[in-house]
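> Curious how this folds, go ahead:
(one chain, ligands or ions: 1)
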Amino acid sequence: MTNDSPEEETRAPGGGGGVGGGGGGGRGRRNRADDNVTILTSSMDFHRASRSRASSSTEAAQSITSSVELSTSSLELSIQTRIFKIIVIGDSNVGKTCLTFRFTGGSFPDKTEATIGVDFREKAVEIEGETIKVQVWDTAGQERFRKSMVEHYYRNVHAVVFVYDVTKMASFRNLQTWIEECNGHRVSASVPRVLVGNKCDLVDQIQVPSNMALKFADSHNMLLFETSAKDPRESQNVDSIFMSLACRLKAQKSLLYRDVEREDGRVRLTQETETKSNCPC
Ligand SMILES: Nc1nc2c(ncn2[C@@H]2O[C@H](COP(=O)(O)OP(=O)(O)OP(=O)(O)O)[C@@H](O)[C@H]2O)c(=O)[nH]1
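Okay, the predicted model is just below:
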């Protein structure tokens with residue numbers, strides 16, 4: 001759990017902040033993201049080693065040249081990775097943490113506590129041959145734990161996931177308030193939004209009928225997903241919430257985030273315009 005924005009905190013590609021950090025999902029995909037991190041780290045280590053070991057000036061020059069080459073290729077790799085920031089919003093206890101955990105970690109957490117501020121989780125996914133980092137911001141549902149963070153949630157957001165609990169009508173009714181908060185933070189209408197009804201495994205306790213949720217989703221131009229973070233048979237459905245957004249963002253996307261290391265070691269995020277299509281999803 002952390003209260004810092006990863007934009008300010010991330011120093012190397014692949015470094016997701018917060019509890020339960022990135023990874024998860026398909027093994028091959030995770031490996032690819034990990035390779036990226038490994039290469040950058042090893043080039044830094046190499047640079048450090050070369051400084052301490054090189055005895056003659058020739059050796060030192062060769063070492064530095066090699067290390068610069070390694071660092072450059074690492075930087076090129078990191079520059080190619082786009083990051084999509086997706087925030088997950090909704091009442092406390094609806095299952096936001098569990099949903100993000102299921103997507104990024106592939107499992108249901110044994111125990112959760114109320115989110116304070118925000119937790120970041122990241123997962124590298126591959127769409128049409130491009131590796132993209134889906135950065136999920138699991139926000140606090142309780143007002144007292146979100147107050148100071150709200151501005152950060154909505155800044156440079158690429159997509160929004162609204163969550164309600166299908167067994168709690170109040171959490172569905174409160175969606176209007178969450179949508180208003182989102183609109184109040186100047187989130188553009190072009191930013192994709194989806195609606196998620198969670199805890200569908202509790203079939204005997206369902207209070208929010210599907211047709212009511214569908215009507216609401218339609219009226220707000222959102223896709224509706226009814227699912228369960230808990231039921232492993234629903235895990236593909238949970239994945240498709242985030243993957244459908246990632247595919248949409250990749251297809252339409254204009255916002256391209258690039259990690260560029262600055263001299264002071266901080267990461268600068270820039271935006272570019274790009275037009276792409278042919279998403280398989
Ligand atoms: N039966 C069932 N329980 C769930 C499901 N998802 C979450 N829960 C439970 O609901 C409770 C709240 O889950 P969280 O993921 O912590 O809820 P949250 O929305 O992140 O809550 P805040 O951090 O306070 O905003 C926990 O006890 C979870 O185990 C689900 O799909 N089915």
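> okay, and for the protein, where does confidence drop off?
Along the chain, the parts satisfying pLDDT under 70 run over 1-80, 253-281.
> At the contact with the ligand, which residues of it appear?
92-98, 112, 114-115, 140-142, 198-199, 201-202, 228-230 (C-beta under 6 Å from any ligand atom). C-beta coordinates here come from the backbone N, C-alpha and C atoms, glycine included.
> could you redo the last one with a cut-off of 8 Å?
When proximity is defined as C-beta under 8 Å from any ligand atom, the chain approaches the ligand at 90-99, 101, 108-109, 111-115, 138-142, 145, 163, 165, 198-202, 227-231, 234.
> What is the neighbour count of the residue in the stretch 101-250 of the chain positioned nearest to the ligand?
Among the residues of the stretch 101-250 of the chain, Gly141 lies closest to the ligand, at 2.7 Å counting by C-beta to the nearest ligand atom. Using other C-beta atoms under 10 Å, Gly141 has 23 other residues around it.
> Grab the nearest non-local neighbour of it.
Ser92 (3.2 Å; C-beta to C-beta, 6 or more residues apart in numbering).
> Quote the end-to-end distance of stretch 227-238.
Using C-alpha to C-alpha, to the nearest Å, the end-to-end distance of stretch 227-238 comes to 7 Å.
> Now do the buried residues in that stretch.
Thr227, Ser228, Ala229, Lys230, Asp231, Glu234, Ser235, Asn237, Val238 (16 or more other C-beta atoms under 10 Å).
> What segments of the stretch 151-281 of the chain are strands?
Assigned by DSSP state E, counting those that start in this stretch, the stretch 151-281 of the chain shows strands spanning 159-165, 193-198, 223-226, 258-261, 267-270.
> any residues touching the first one, and which ones?
Right, the one you point to is strand 159-165. Residues from elsewhere that reach strand 159-165 (C-beta atoms under 8 Å, 6 or more residues apart in numbering): 84-91, 93-96, 99, 171-172, 174-175, 178-179, 182, 187, 191-199, 208, 213, 222, 241-242, 245, 248-249.
> Please apply the same query to the third one.
The set of residues external to strand 223-226 that reach it, using C-beta under 8 Å, 6+ apart, is 166, 194-197, 200, 210, 213-214, 217, 237, 240-241, 244.
> same deal with the second one?
The set of residues external to strand 193-198 that reach it, using C-beta under 8 Å, 6+ apart, is 94-95, 98-99, 159-166, 172, 175, 182, 208, 210, 213, 216-217, 220-229, 241, 244-245.
> Would you agree Thr167 is in contact with Asp201?
No. Applying C-beta atoms under 8 Å as the test, Thr167 and Asp201 come out as separate, 9.8 Å apart.
> more neighbours, these two?
Ranked by neighbour count (other C-beta under 10 Å), Thr167 and Asp201 place Thr167 first, with 19 against 16.
> Tell me the backbone dihedrals of that one, please.
phi -100, psi 0 (degrees, to the nearest 10).
> and it, what is it in contact with?
Taking C-beta under 8 Å, 6+ apart, one finds Lys199, Leu202, Gln205, Ile206, Gln207, Val208 in contact with Thr167.
> quick one on the thing from earlier: whichever of the contacts of strand 159-165 end up buried, select them in ChimeraX.
The buried residues among these can be selected in ChimeraX (16+ other C-beta under 10 Å) with this line:
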select :84,85,86,87,88,89,90,91,94,95,96,99,171,172,174,175,178,179,182,187,191,192,193,194,195,196,197,198,199,208,213,222,241,242,245,248,249
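> So which of the contacts of strand 159-165 are in helices?
Taking DSSP state H, the ones among the contacts of strand 159-165 that sit in helices are 96, 99, 171-172, 175, 178-179, 182, 213, 241-242, 245, 248-249.
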